[in-house]
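# Sequence plus the predicted model coming up.
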Amino acid sequence: MPVINETLGQYSELFMLLAAGTYTVAFIAFAWDLAKSSKALRAIDEKAAASSPAQKVAVAAGRGGGGLGVVDAGGPAGRAERPTSGLTVEGGTAAGDMKYSAERRVPARVAVALTVLGVLIHGAGVVTRALGAGRVPWGNMYEFLTTGAFVAVAVFLIVLIRRDLRFLGTFVIGLAIIMLVAASVSFWTPVGHLVPALQSYWLIIHVSIAVLSSALFTLTFAMSALQLVQSYRQKNLAAGRADNLGFMRVVPNALSLENLSYRINAIAFIGWTFTLMFGAIWAEKAWGRFWGWDPKEVWTFVIWVVYAGYLHARATRGWTGTRAAWLSIVGYACVIINFTLVNTVFNGLHSYSGL
Amino acid sequence: MSESVKAKKKSPAAESTKTAEGKLQQAKSEAALPSLGILGMLRWAWTQLTSMRTALFLLLLLAVGAVPGSLFPQRPANPAVVTQYIKDNPSYGQLLDALQLYDVYSSAWFSAIYILLFISLIGCVTPRAIAHYKAMKSQPPRTPKRLSRLPEYGTLALPADAGIPASKAINDAAGLLKRRGYRVEVRDVDGDLPSLGAERGFLKEVGNLVFHTSLIGVLVSVAIGGLFGYSGQRILVEGETFVNTLVGYDQFTPGTNFQSSWLQPYSIQLDKFEATFDRESPKKIGQPIDYTAEVTTKENPDSPAKKEILKVNDPITLGGTSLYLTGNGYAPVVTVRDGEGNIAFQGPVTAKVQGDNYYSSVVIKVPDGKPDQLAFQGFFLPTAFKSEEGISFSASPELFNPQLSLDSYFGDLGLDKGVPQNVFELDVRNLQQLNGRKLEAGGITLAPGMTKTLPDGKGSISFDGVKKYIGVDVHHNPGQLYALIFGLLAVAGLVTSLYVNRRRVWVRTGTHQDGRTMVEYGLLARGEDHRLAGEAAALRELLTREWQIPSDSGNPSANPTVSSPTSKDQ
C-alpha cells in the first residue's frame, strides 16, 4: 500500500483553486475577444462592402447554403468554391480552414496565455494529487472531474497549435471551470486509498481512455452547439436579415465546424469503443462477466450507439448538418448523465467509484 | 419484420393482378399506394428495412430502448429488488412488469429492435460486400473528359527539350502511382491523349465491412455464452471446501444447453481470509483497501493440492472455469443445545452484510432440536456500539467488540415438508417467541465465549467465536474469447474504415503545339477525405521531382492561363 501524503493532497486542492481562478480570468479574456474581434472583423466587412457593393452580393450568394449541410467533398462546384483553392469566400464568418490569420487579436492572445498558465497550475494540482495518493489520479469522481477538466483544456491547447479554435475558448474554459467547481463543491473527496475493486491496472487503461474521449466529446459538443447557432445566423444573413448574433463573426461557418467536429468525434468514438471494450475486459476480471447491463454499462453502450448513429448520420441523406449536430449534443448529454446520475442516483456496480 | 410485411400486404395486394401498363400508370397517379404485388411489397419492405435511414432509426431506437434497463431494477441482476419494487409501487409496478421493463434486455421489444437492426445490417453489408468484391476485381473507372471539374486538379508542363513525350510521361506517372500503392491502368498509350486511371484505399470498405460483420460475431459469441455457459455462487467459510458439483453451489444459473457432466469436480478450500481497512486517512477510516483469500485447490479429487491466492480483480482458473472473489463477511460460530441438553447445532453461521461496517443479519435454524425445533434471528456487529438513543451499531469493520443480538423462537420450522426456504430468512408465523426485547425474558446479547440459557428449559446458545467467509462466483463462458476476438476485429475494421482513404487519380498527357508535353491530373475521394488536398500536393511534388521541372511551372494558381492539352474541353 502506498503511503498517503496529506500535505501534498492539500497542495493539490490549493492548485485546483488557483487553476480555477486563472481559468476564470482567461474565460473573461476569451469573451472579451469574441466581442472585440467580431466587432473589428465586422468593421472590415463593412468597409469592404462599401468599396465594392457588387462583391457583397456575390459573397451572400456564394455562402448562403453553407449552413444547410451541403457536403463539400466531391461537389461539382466551380473552382472558386473548392476547399483547396486558397480563396476563402466567407460571408460574415471566420475562415473555414481555421488557420491562423495575420491579424492580431490581443484579447485572444491574453486568453490563451492565461489558459496556458492555468493548465500548468492545474497540471501541478493533478500531479500532486497523484503523488499524494501514490496512484493514478482518477480513482473517484472528484479526481475524474479534476483530471478530466485538465485533459479537456490540454487537448484544446494542443489543437490550438495547429488550428485557430480560439473561438471555442469561452466554451471549453467555461466547462472546465464548471467541472472544477463541481468537483470541489459536490464531489470533494480527500486523498486516499483505492477500494479493492479498483485496484487493477485496468483502472489506468480503461479510465484514462474514458477521460480522453470525454475531453474530445467536450470539444465537439462545444463545436456542435456553435454550429447550430452559426447555421441559424447564416440562414438569417442569407435571407438578408439583420445580424443579431454579432459575436459569432469570429466563428467559422457551420459547415467547417461540422467537418472538424466530425473528425474529432471519429477519434473520440474510437476512444469510446476502447473504453467500452477495456471496461468489458475489466468487468470480466473483476465480476466474472464481461457484460451484465449494469447502469454504467448501459449508459456507456447508449453513448456508443448515439455516436455510432452520429457517424452514420453523416452518410445518410437528410441527416447531415443540423441533425448531426443535435446527435452530437445528445451524445454529450448522455456522457454527462453517465457521469453524474449513473454514479449517484442509479444503484449499480460502479456506485463505489464516487463520493 | 414479418408484422410490418403482413400489414402492408393487406391493402393493395388484393386488387393487384396483372394490370395493363396504362391502367397501372393511372392507378399510380390516382392511388396513394401503388400496386406492387406480394413480391413487390416484400421487396419494398426489404428495401425499407435495409435503407440507411431505417438502420439509423433502429440504431437510435436501440439507444433509447436500452435506457429503461438502468432506470428500473432488473431481474437478471437482482430478482429480490424487483419483487420489492413491485410491492413498493403497487400503482404501476405490475404495469411495468407487463411491459417487460424488469427484463429489458431479454424483452420482446428490445429483442425486436436489435434483431431488426442486425437483419438490416446483414441486408446492407451483403450487397456492399459483393459490390466491393467486384470493384476490387475491376479496373479503375474510365478517365473523365473534364478533369478540371474534379475537386482536386492541377497541370504541369514539360519543356520541349526535356525529351519526355506524352507516352513516356504517362508511363512515368503510372510507375509513380503504383509505388504509392495505387492500382493503375494506362489507356491509349500511343494515342494523342494517353491517360491513366488509378485507385487506392480498397481497405477502407473492407474495414467497414469487417467492422459490421464483427458486430454480428460479437452477438453470436454472446449467444454461445448464453447457450453453453454457466455460473454459480458459493459462500465459503474459513476451513470449508467447495467441490464443483451441482450440490456444491448455493446458487446455480445454467446456460440453455447446460449438462451437469460438464462440471469438473475440482475443489477449493478457504484456508484464511484477510481484509485490510484504512487506518490512516481521516474521513476514510474503515474503507477496505485489501481483500486476500488464501486457498488450497485441487484440479481433480486425485490431483496434488496447490496453494493459491484469490483476490478481487485477480480470479483463479480451475477446470475450465474462473473463480472470483466477490464478497466477504463474518460467520459467528455458535453452539445450540436443545431442551434435552444435546448439541443440536454447532458451527459457523453466515451473517449477511446489511449496513455500514459489516452490520449483518443472522438467522439460525435448528431443525434437530428436541423436543422443540429452535430458531434464532438477529444481528451480528463486529464492533458493537450503542448510540445515545440506545440504537446498536457497528463502529468498525474489524472485530474489536463482536456481539450477537438475537431473538429466539421455538416450534415447527416447516423444513420437514420439503418446501425450499431461504436460509437468510426466518418465517416466524408458526413459531413462538422465547426471547425478544419486548418480552419478559429480554433479548439475547452475546460476546464471544458467553452462553445464554433459553427460558422454559428450551435449551441454550453459546457464541464460541468468529470466522470469516468469502463469496465466490464461478463462471464458465465459452463465448467470451470469441467476443473479444470479434471486438478487436471490429476496432481494427473501424480504424481502417475511418483512416484509410479511398481515392481515385486520373492523369492525362498530350503534346502542345509548341512542343511542350502537357500533363493534367485530377483527384476524387469516395467518402470523407479531408486530406485529399494534401495527397494532390504530394503527387504534384513527386511528379515535379520525377521530371525535374522547376516547381512553379504550370502551377494552376500561379499561371492559370496555361492551356490544358484537352483543348476540346475548354
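Done, it's in.
# If we go by neighbour counts, what in stretch B:486-502 is buried?
Within stretch B:486-502, the residues that count as buried by 16 or more other C-beta atoms under 10 Å in any protein chain shown are B:486-487, B:489-491, B:493-498, B:500-502. Quick note: C-beta positions are derived from backbone N, CA and C, even for glycine.
# Any part of that stretch near chain A?
Yes. Using C-beta under 8 Å from any C-beta of the partner chain, stretch B:486-502 reaches chain A at B:487-488, B:490-491, B:494-495, B:498.
# Quick one: low-confidence residue ranges for chain B.
B:1-35, B:282, B:550-570 (pLDDT under 70).
# Looking at it, which helix is longest?
helix B:108-137 (DSSP state H).
# Could you check how far the residue in chain B sticking out farthest from the centre is from residue B:471?
Relative to the centre of chain B, the most outlying C-alpha is that of residue B:514, 68.1 Å out, by C-alpha atoms, centre = their mean. According to C-beta to C-beta, to the nearest Å, residue B:514 stands 90 Å off from residue B:471.
# hmm, back to that, in strands, which of the buried residues of stretch B:486-502 appear?
Within these, residues falling in strands by DSSP state E are residue B:502.
# Filter the buried residues of stretch B:486-502 down to the ones in helices?
Members of the buried residues of stretch B:486-502 lying in helices (criterion: DSSP H): B:486-487, B:489-491, B:493-498.
# picking up where we left off before, not counting sequence-adjacent ones, nearest residue to the residue farthest from the centre of chain B?
Take residue B:514 and drop its neighbours on the chain: the residue closest to it by C-beta to C-beta, 6 or more residues apart in numbering or on different chains is residue B:160, 6.7 Å away.
# what's the answer for residue A:263, then?
Leaving out its chain neighbours, the residue that sits closest to residue A:263 by C-beta to C-beta, 6+ apart is residue B:530, at 6.5 Å.
# is it true that the one you found touches residue A:259?
Yes. With contact defined as C-beta atoms under 8 Å, residue B:530 counts as touching residue A:259 (6.8 Å).
# Compare these two and say which is more crowded by neighbours.
residue A:259 (22 against 15; other C-beta atoms under 10 Å in any protein chain shown).
# Name the SS class of the more buried one, please.
Judged by DSSP: H, G, I helix; E, B strand; the rest coil, the three-state class of residue A:259 is helix.
# separation between it and chain B?
According to C-beta to the nearest C-beta, to the nearest Å, residue A:259 and chain B sit 7 Å apart.
# if I look at that residue, how far off is residue A:170?
Counting by C-beta to C-beta, the gap from residue A:259 to residue A:170 is 21 Å.
# Quick one: the helices in the stretch 201-350 of chain A, in order.
Here the stretch 201-350 of chain A has its helices, by DSSP state H, counting those that start in this stretch, at A:201-202, A:208-238, A:254-287, A:295-313, A:322-339, A:341-344.
# Quickly, which of the ones you listed bottoms out on average pLDDT?
Lowest mean pLDDT within these: helix A:341-344, a mean of 79.
# That one close to chain B?
Yes. Under the criterion of C-beta under 8 Å from any C-beta, helix A:341-344 makes contact with chain B via residue A:342.
# Tell me which other helices or strands that helix touches.
Under the contact definition 3 or more C-beta pairs under 8 Å, 6 or more residues apart in numbering or on different chains; DSSP states H and E, helix A:341-344 sits against helix A:295-313.
# tell me how far the helix it packs on is from the chain's mean position?
Relative to its parent chain, helix A:295-313 has a centroid offset of 17 Å by C-alpha atoms, centre = their mean, to the nearest Å.
# close to chain B, is it?
Yes. Helix A:295-313 comes into contact with chain B (C-beta under 8 Å from any C-beta), by way of A:295, A:298-299, A:301-302, A:305-306, A:308-309, A:312-313.
# Return the member of those residues nearest to residue B:100.
Closest approach between these and residue B:100, by C-beta to C-beta: residue A:298, at 15.6 Å.
# Please name the residues that touch that closest one.
B:66-67, B:69-70 (C-beta atoms under 8 Å, 6 or more residues apart in numbering or on different chains).
# redo that, cut-off 10 Å
Residues counted as contacts of residue A:298 (C-beta atoms under 10 Å, 6 or more residues apart in numbering or on different chains) are A:292, A:338, A:342, A:346, A:348, B:63, B:66-71, B:74, B:104-105.
# Any of those residues buried? List them.
A:292, A:338, A:342, A:346, A:348, B:63, B:66-70, B:74, B:104-105.
# now, among those, which is nearest to residue A:117?
Closest to residue A:117, out of all of these and judged by C-beta to C-beta, is residue A:338, at 31.5 Å.
# Could you report the neighbour count for the residue nearest to the closest one when sequence neighbours are not counted?
Nearest residue to residue A:338 in three dimensions, chain neighbours excluded: residue A:299, at 3.9 Å (C-beta to C-beta, 6+ apart). For residue A:299, the neighbour count with other C-beta under 10 Å is 26.
# Equivalent analysis for residue B:440, please.
Residues lying near residue B:440 (other C-beta under 10 Å) number 7.
# Report the separation between the spatially most central residue of chain A and chain B.
Centroid check for chain A by C-alpha atoms, centre = their mean gives residue A:219 as the closest residue, at 1.3 Å. In this view, residue A:219 and chain B are 17 Å apart by C-beta to the nearest C-beta.
# Tell me if I'm right that that residue and residue A:172 touch.
Yes. Between residue A:219 and residue A:172 there is a contact under C-beta atoms under 10 Å: 6.6 Å.
# So what's the residue count around residue A:248?
By the criterion of other C-beta under 10 Å, residue A:248 has 23 neighbours.
# my guess is it contacts residue A:167, does it?
Yes. Counting by C-beta under 10 Å, residue A:167 is a contact partner of residue A:248 at 8.5 Å.
# any residues in contact with both of these two?
Counting by C-beta under 10 Å, 6+ apart, the residues touching both residue A:248 and residue A:167 are A:34, A:38, A:94, A:226, A:230.
# Spatially nearest residue to the last one (excluding sequence neighbours)?
Which is residue A:230. According to C-beta to C-beta, 6+ apart, the nearest residue to residue A:230 is residue A:254 (4.5 Å).
# got the phi/psi numbers for the residue lying closest to residue B:181 once chain neighbours are set aside?
In space, and not counting its chain neighbours, residue B:181 is closest to residue B:200: 5.1 Å by C-beta to C-beta, 6+ apart. With angles defined as degrees, to the nearest 10, residue B:200 sits at phi -150, psi 170.
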